[in-house]
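take a look and give me a structure for this.
(chains A and B)
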Amino acid sequence: MFKLKCDDFLIYDEATGTYSMSAEQQVRDETERNRWKTTGLTILKDWRLYLMLVPMLLVYLLWRYMPMTELLAAFKDPNSALLVEDQQWFGLTNFQALFFGSQSFWFWQAFRNTFIIAFYGLLFGFPFPIILALFFNEVKSNITRSILQVCVYLPKFMSTVIITTLAIVLFRGPREGDTSLESVGIISKFLMMISPSAELDATVANTSKGLVFSTRYFRAIYQVTGIWEHGGYDSIVFFAAVIAVSPTSYEAAQIDGAGKMAQMRYVVIPSILSTVVIMLIMKIGSLLSVGFEKVYLMESSSNYEAADIVATLSNRWQEGGGGTTLGIAAEMVNNLIGMILVIGANAVAKKASNVSLY
Amino acid sequence: MKRKMEVSELIFKIVAYVLLIAFALMCVYPFLYAVGSSFSTTPNVDGGKVVLWPVGFQADAYRYVFTRNEFWISYANTLFMAFIGTIWCMIYTIMGAYALSKKRLLGRKGFNFFLVFTMWFSAGIVPQFLNYQTTGDILAGLAGTEYANIDQKWLIIIAMGMNATNVILLRNAFEGVPSEIEEAARIDGATELQILTKVYIPMSKATIATVALFFGISRWNGYFWAQKMMTNQSYSWPVQVYIRDFIDKHTYLVKMPVDGDDWASYAPLGYDVNVVSDMSVVYAMVICAVIPILAIYPFIQKYFAKGVNMGGVKE
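You can find the predicted model right below:
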C-alpha cells in the first residue's frame, strides 16, 4: 500500500493501516488554537506601548479620517434634507452637475488652472534646486558658502502671508489718479524699465491692485515667488547628495580627460540620481495639493481666470452659501487624481530604479 | 588637453558664483527694501524713490504699529498658539513614533499605512471645515459649554498641525537607537515611559529639535484655518490674519473702496497720510512679524538642513 510521506504530522500505523495525528502536531494545533490568547497576552503585557500610540491615532482619526465621512455628501441630494445623514442617495447626479451643469464652467476652469500651476511648478521648480546644489558644490570656501546658504534658505521660513503681502506690494499698480506711474511697486517699475512691452505698461497702468491680480501675470509671479521661496531650501537635500560624491571619482574622471561638463554627465548626475527620483516622487505626490493657501491669498475676482484652483473654488462655493455639495465633489475628484498620481509615480520609480518612498 | 579642461572648469565656476550671488541677493533684498521703505516718508515711498536706504526718515509707521493693541494681542496669540501647539504635537508625535519604531508592535504595518495614507489623500478644505465644526461641538460639550462660546485658539491648537512626515522622521531616528541599550535599561527595571524619556529622547535630541522646529514654524506661519474659523473672534486672531486683514481693510490694494470715496476715508487710519504711507505701515508690520523668526533663524538653520536630509531615509 502507498505510504504517505507526512510523518511529521501524521503517524502511520502498519498494523491497522490507519493514520493518527502525531504528538508534535497536536502541540502545534493547540498553539494555533490558543494564538489569540498569546496575542492578547502580548498586547496586555505591553499595554504601555499601545497606550502611547492611542493619542496620535485618535488625533489622526478625528481630524484626518473623520473628514472623509463628509465626502458622502457628494453622493446625496442636498435638497432632500438639512442633515447629510437624512439626505437621500443621489447616485452620481452631483458629479454630472459638476461636469456638465450650469456651474461646470467654473469647475473646468479651476481644474485646468490646478494642472497648469502644478505642471509649471514641476517644470521650473524642480530642476532649479538641483542646479543650485551643483553651483554650491563649486564654492569651496566654507564661510562664503554658509553665508550664501543662509541667504537662500531665508524665504522658506517666511509665512505665506508675508510672501504674498510682499508680492502684492512690490508688484502693485499706481495710486488712483497717478498717470506718471511713479507710485507703482518697485518690481513693477523694474519690469517696465527692462521690458519694452506696451502690454505690460498697459496692465500696470490699468490695474491699481497690481500685477499679482492680473490674469496675464499671475502665473509667472506665482512660479517666480515659488522658486524664490522653496528653491534654496529644496537644494539642501541635493547638495548633500552632491558632496557625498567621493573626490577620487572626480580625479579619476579628470585623468581620463573629462571636462567639467563630462564630469557632470558621467560622475555627478549618476550619483545623485536616486535622490532626484525620490524628490520627484515626493513632488508629484504633493502636486495637486500644495499652494492652496498661497493661491487663496493671491486671488481676487480679477484673476480667477488664471488663478482659481479647485480647492479655492470649493471654499468659495461653501462660503458663498450655496453649493457645498458641488464643492465637496470637485475637491474629491481633484484629490483622487492626486492620489493616483503619487501611487503611480511611486510604482514607476520602483520599477525603473528600485527606489521607492513608501 | 589639460589647459582646455581648466578653462571649462573656470567658466563653470564663474557662472556658478555670479548666479549664486545674484539669487542670494534676490532672496534677501525684499526684506531689506521693506526695512528701508518702512522708515521712509510718503512722497518717497509713493514716488518710488526708495531703493534700499530710507529716504526722508520717519518712524511714525512703527509708532502706529506699536500703539495698536490688536496688533500686540494678535502677536501674543501667535506666540501662545505656536508654543502650546508645538508642545501638544510633540507629545503625541514622540509617543506615537516611539511605539511605531518597535518591531514587536503588532499591526505595525497597518498603523504605518494609517499614517502614510493621510499623505496621499485628504478629504479637502470643505469636509475638513465641516468636521472641525462637528468635533468642535463635541469638544465644547465635553468642556461643558457651547461651540459658539469656545475660544477657537484651543480648537486650532488641538486639531491642527499634524504632520505624518514628522512622525516618520522621528520613527526613523528612534529605530536608529541600538536595541541593546533598551534591553539593558529594561533589565535594570525601567518602565516603557522611563526608557522613552531617559534613553530614547536624550539619544535623538537633534531629530527632536528639528521636528519641534518644523511644528513651531508651521504653527507660527499658519493662516488659513485661523482666518476661516475665527471670523467672529478677532480677539483670537494670530498675527498673520491680522496683517492680511489690515491690508484688506486699510489699503487700496486688495479691496477697492466703493466709488465716490477715496481710500483714505475707507477706514479710520490714525496716522498722517502725508508723512506715513499705508505701504510703510504694511512694511513695518511685515518686519515686526518676521523679526522673531529672523532672531532665531541663525541658530535653527543647521537643524533644518539636518532634518531635510533625514527625510530622505526610507523604509
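
how about stretch B:114-133 and chain A, touching?
Yes - using C-beta under 8 Å from any C-beta of the partner chain, stretch B:114-133 comes into contact with chain A via B:114-116, B:118-132. Heads up, the C-betas are built off the backbone N, CA and C, glycines and all.

give me phi/psi at residue A:11?
The phi and psi values for residue A:11, taken as degrees, to the nearest 10, are phi -110, psi 130.

an error on my part: the question was meant for residue A:46.
Backbone torsions of residue A:46, given as degrees, to the nearest 10, read phi -100, psi 20.

since we're on it, how many residues are nearby?
Other residues near residue A:46 come to 16 when the count uses other C-beta atoms under 10 Å in any protein chain shown.

residues contacting it?
B:104, B:105, B:192 (C-beta atoms under 8 Å, 6 or more residues apart in numbering or on different chains).

repeat for residue B:303
Residues counted as contacts of residue B:303 (C-beta under 8 Å, 6+ apart) are B:206, B:209, B:210, B:213.

quick one: distance of the particular helix or strand that has residue B:169 in it to the chain centre.
If you go by DSSP states H and E, residue B:169 is part of helix B:164-175. In terms of C-alpha atoms, centre = their mean, to the nearest Å, the centre of helix B:164-175 is set 20 Å apart from its chain centre.

could you check the angle the next helix or strand after it makes with helix B:164-175?
Using DSSP H and E, the helix or strand that directly follows helix B:164-175 along the chain is helix B:179-187. For helix B:179-187 against helix B:164-175, the angle by axes from the mean of the first three to the mean of the last three C-alpha atoms, to 10 degrees is 80 degrees.

anything in helix B:179-187 near chain A?
No - shown here: helix B:179-187 not in contact with chain A (C-beta under 8 Å from any C-beta), separated by at least 11.7 Å.

list the contacts of the residue in the stretch 101-250 of chain A positioned nearest to chain B.
Residue of the stretch 101-250 of chain A nearest chain B, by C-beta to the nearest C-beta: residue A:159 (3.4 Å). The contact partners of residue A:159, by C-beta under 8 Å, 6+ apart, come to B:220, B:221, B:222, B:223, B:240, B:289.

pLDDT at the fourth one, what is it?
Think residue B:223. Note on residue B:223: pLDDT of 92.

for residue A:340, same thing?
90.

in the helix or strand encompassing it, what's buried?
In this assignment (DSSP H and E), residue A:340 forms part of helix A:324-353. By 16 or more other C-beta atoms under 10 Å in any protein chain shown, the buried positions in helix A:324-353 come out as A:324-335, A:338-339, A:341-342, A:345-346, A:349.

please apply the same query to stretch B:189-203.
Buried, per 16+ other C-beta under 10 Å, within stretch B:189-203: B:190, B:192, B:195, B:196, B:199, B:200, B:203.

any low-confidence regions in chain A?
A:1-8, A:177, A:207-208, A:285, A:289-290, A:322, A:352-358 (pLDDT under 70).

from the contacts of residue A:159, which two are the most distant?
Farthest apart among these by C-beta to C-beta are B:222 and B:289. That separation is 12.7 Å.

intersection of neighbour lists for those two?
Counting by C-beta under 8 Å, 6+ apart, the contacts common to residue B:222 and residue B:289 are A:159, B:240.

centroid-nearest residue for chain A?
residue A:286 (0.9 Å; C-alpha atoms, centre = their mean).

top helix in chain B by residue count?
Secondary structure of chain B per DSSP state H: the longest helix is helix B:2-38.

hmm, that helix touching chain A?
Yes - part of helix B:2-38 sits near chain A under the criterion C-beta under 8 Å from any C-beta, namely B:4-5, B:8-9, B:11-13, B:15-17, B:19-21, B:23-28, B:30-31, B:33-34.

fine by me, thanks again.
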